[in-house]
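I need the structure of the sequence given here:
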Amino acid sequence: MNTPAKTKAVFLDRDGVLNQEMGDYVCRLEDFHVLEQNIEPLKTLQDRGYLLIVATNQGGLAKGWYTEEELSKMHTKLRAIYKEHGVEFTDIFYCPHHPNFTGECDCRKPKPGLLLRGIEKYNIDPAKSYFIGDRERDVEAGTAAGVKGILINSDQPISDVLDLIE
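Numbers count the residues shown, from 1 in each chain. Have a look, this model is predicted:
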């Protein structure tokens, strides 16, 4: 029996990579501003056969700063703006926990839980995959999941690091 070939993915942090960083948390839809400079580079990666998967800490949920409903609206807006340009996110995984409010979990970056969920769900080969983030904890999560981490500055265009992705 043949097992299906593993696929490759680019995991993406959300705040500072796909949308503007707004302090600790983006809490309201009206403050959620997509970084349109990253649409074309993500389209390029998608065209190269990479799944695009978001992995984001959303500790503001545990703190009660916003609701799952508000978060869903932000993610709907994110998907819609990118989809207008032919870019589709395969999935969006988020950690709703915060250690000071809910205790430890396995999904809050720098732990690899969000990435491991995506790897398992979509039969992803970590050795052929990447995680682009704007914080060291993103790179740490990628490394822990067997994925190559790429650190960018907040709001830095992904086009700056395209040559690092095979």
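
hey, which strand is longest across the chain?
In the chain, assigned by DSSP state E, the strand with the most residues is strand 50-57.

What helices and strands are in contact with that strand?
strand 8-12, helix 39-47, strand 91-95, helix 113-121 (3 or more Cβ pairs under 8 Å, 6 or more residues apart in numbering; DSSP states H and E). C-betas here are computed from N, CA, C, even on glycine.

Can you add distance to residue 28, mean pLDDT and mean neighbour count and give those back as CSV?
Formatted as CSV, those follow (distance: least, Cβ to Cβ, whole Å; pLDDT from 0 to 100; neighbours: other Cβ atoms under 10 Å):
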stretch, distance to residue 28, mean pLDDT, mean neighbour count
strand 8-12, 22, 98, 25
helix 39-47, 23, 97, 18
strand 91-95, 16, 98, 19
helix 113-121, 23, 98, 20
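
out of the ones you listed, which comes closest to residue 63?
strand 91-95 (12.8 Å; Cβ to Cβ).

contacting residues around residue 21?
Residue 21 makes contact with 15, 134, 154, 155 under the criterion Cβ atoms under 8 Å, 6 or more residues apart in numbering.

Just the helices from this structure, written as ranges.
39-47, 60-63, 68-83, 99-102, 113-121, 136-144 (DSSP state H).

Tell me which of those approaches residue 27 most closely.
helix 60-63 (5.9 Å).

For the closest one, list the C-alpha coordinates in PDB.
Listed next in PDB are the C-alpha coordinates belonging to helix 60-63 (Å, rounded to 0.1, in the frame of the first residue of the first chain):
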ATOM      1  CA  GLY A  60      -5.500  38.200  24.500                       C
ATOM      2  CA  LEU A  61      -8.300  35.700  24.400                       C
ATOM      3  CA  ALA A  62      -7.200  34.300  27.800                       C
ATOM      4  CA  LYS A  63      -6.900  37.800  29.100                       C
END
